[in-house]
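1. The sequence isn't on hand, but the structure is:
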């Protein structure tokens, strides 16, 4: 058991020192209750969380909490990090109400992040609603600063008549299907090249292996290889358009869209987006969706021109595990 170590800003009062422990044994239900009540407010939420975790094989290995100094089973602030595909980890926490609690929670988050092995989680992340300023300050104190504001965009599933004026791509440029097992090398090669000079989460480059990124993309929704497309220029792959159905949202998500610097500046992005989305005509889902860094004005302009509109936004906080600066890993979906 350790004690809170993340310092408060000089202008804030110094919080009391609360013990911080990895959650296990008899502390599991009290800590789960504190964590679940932060979202639901229900008295029995902790037991429901434990039941759901067992049903879905969610591990509590990276679960930490602060406790009352005189009662090691009285949980105060808590942080659970759930490892995901591609060496990512999503953070779930209680919600602080005072500056002292922000600093206390920051210590808990820091302990949870430090317990992560880099071969299991390379990127710890959370997505906050825009009004969660106190929680954002706690994450920042914990060494998980704001990375970007992500805009979630959508438009209705396209109809066939929307593409009556679809023009051919320039000579030598085509969309070709991705073949699982046969095109892995080409996919791993092109993804890092599409990140060069990107305006969408530019900090997120070169931390994880391409294989980790591919695994993350495949884990979004229901991976459907027939909706993954290469942009080929002659014999060279110069971009990708990767769609995955998201059944519980009645949508198909543009998980990633990117082209290399070799073919940028030729007004190809919008044309390729239309050609790729035209392949979705006839599907039963209601929406086509994507996410984009609000700083990426060119991509947002392209998506807006295509009829996509913002329906939600989240604040991404990221911490790279293993000593590297915040700089890479979990790229936001739907870059142009």
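-> Perfect, thanks for sending it. Note that this is a predicted model, so its numbers are computed, not measured.

2. the strands in the stretch 101-250 of the chain, which residues?
-> With strands called from DSSP state E, counting those that start in this stretch, the stretch 101-250 of the chain shows them at 123-128, 146-156, 173-177, 228-233, 236-246.

3. could you pull out the helices for the stretch 101-250 of the chain?
-> Remark: helices assigned in the stretch 101-250 of the chain by DSSP state H, counting those that start in this stretch are 133-141, 184-195, 210-219.

4. So for residue 72, which of the strands of the stretch 101-250 of the chain sits nearest?
-> strand 123-128 (25.6 Å; C-beta to C-beta). Quick note: C-beta positions are derived from backbone N, CA and C, even for glycine.

5. Just the angle for the closest one relative to strand 146-156, thanks.
-> If you take axes from the mean of the first three to the mean of the last three C-alpha atoms, to 10 degrees, strand 123-128 sits at 60 degrees to strand 146-156.

6. who does strand 123-128 pair up with?
-> With DSSP bridges as the test, strand 123-128 is paired with strand 88-93 (parallel), strand 309-320 (antiparallel).

7. Of all those strands, which one is nearest residue 126?
-> strand 88-93 (4.3 Å).

8. quick one: that closest one to helix 210-219, angle?
-> Using the same axes, to 10 degrees: strand 88-93 against helix 210-219 is 60 degrees.

9. so for strand 88-93, what's the average pLDDT?
-> Across strand 88-93, pLDDT averages out at 96.

10. Would you pull up how far that strand lies from the middle of the chain?
-> What separates the centre of strand 88-93 from the centre of its chain is 10 Å, taken as C-alpha atoms, centre = their mean, to the nearest Å.

11. Report the inter-axis angle for it versus helix 133-141.
-> 130 degrees.

12. who touches strand 88-93?
-> With C-beta atoms under 8 Å, 6 or more residues apart in numbering as the test, strand 88-93 has contacts from 35, 38, 62, 77-84, 105, 108-109, 112, 116, 120-126, 135, 138-139, 144, 216, 321, 329-330.

13. now do 6 Å
-> 79, 80, 81, 82, 83, 121, 123, 124, 126, 330 (C-beta atoms under 6 Å, 6 or more residues apart in numbering).

14. which of those lies closest to residue 220?
-> residue 330 (11.1 Å).

15. Can you pull out the low-pLDDT segments for the stretch 1-150 of the chain?
-> 1-16, 40-43 (pLDDT under 70).

16. swap the cut-off to 80 and go again
-> Scanning the stretch 1-150 of the chain for pLDDT under 80 picks out 1-17, 38-44.

17. What of the stretch 201-336 of the chain?
-> Along the stretch 201-336 of the chain, segments meeting pLDDT under 80 span 202-208, 322-336.

18. Take the strands paired with strand 123-128 and lay them out in a markdown table including distance to residue 160.
-> Formatted as a markdown table, those follow (distance: least, C-beta to C-beta, whole Å):
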| stretch | distance to residue 160 |
| --- | --- |
| strand 88-93 | 37 |
| strand 309-320 | 22 |
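
19. Would you mind finding the most buried of those strands?
-> Ranked by mean neighbour count, the strands paired with strand 123-128 are led by strand 88-93 with a mean of 21 (mean count of other C-beta atoms under 10 Å).

20. residue contacts, the residue nearest to residue 190 when sequence neighbours are not counted?
-> Closest residue in space to residue 190, ignoring its immediate chain neighbours: residue 237 at 4.6 Å, by C-beta to C-beta, 6 or more residues apart in numbering. Residue 237 makes contacts with 186, 190, 230, as judged by C-beta under 6 Å, 6+ apart.

21. related to what we said a few turns ago, tell me which of the strands paired with strand 123-128 lies nearest to residue 174.
-> Smallest distance to residue 174 across these (C-beta to C-beta): 29.7 Å, for strand 309-320.

22. Contacts for the closest one, please.
-> With contacts defined as C-beta under 6 Å, 6+ apart, strand 309-320 is touched by 113, 124-128, 130, 139, 143-144, 146-154, 207, 326.

23. ok, residue 199 to residue 151 distance?
-> Using C-beta to C-beta, to the nearest Å, residue 199 is found at 13 Å from residue 151.

24. Looking at the helices of the stretch 101-250 of the chain, spot the one closest to residue 55.
-> helix 210-219 (18.8 Å).

25. Quick check: buried residues in the closest one?
-> Neighbour-count burial for helix 210-219, counted by 16 or more other C-beta atoms under 10 Å, picks out 210, 212, 213, 214, 215, 216, 217, 218.

26. quick one: the first one from residue 242, how far?
-> When C-beta to C-beta is applied, the distance between residue 210 and residue 242 equals 13 Å.

27. One more: the second one?
-> In this structure, residue 212 lies at 15 Å from residue 242, with C-beta to C-beta as the measure.

28. mind listing what the residue lying closest to residue 219 once chain neighbours are set aside touches?
-> Leaving aside its sequence neighbours, residue 219 sits nearest to residue 85 (C-beta to C-beta, 6+ apart; 3.5 Å). Contacts for residue 85 (C-beta under 6 Å, 6+ apart) come out as 215, 216, 219.
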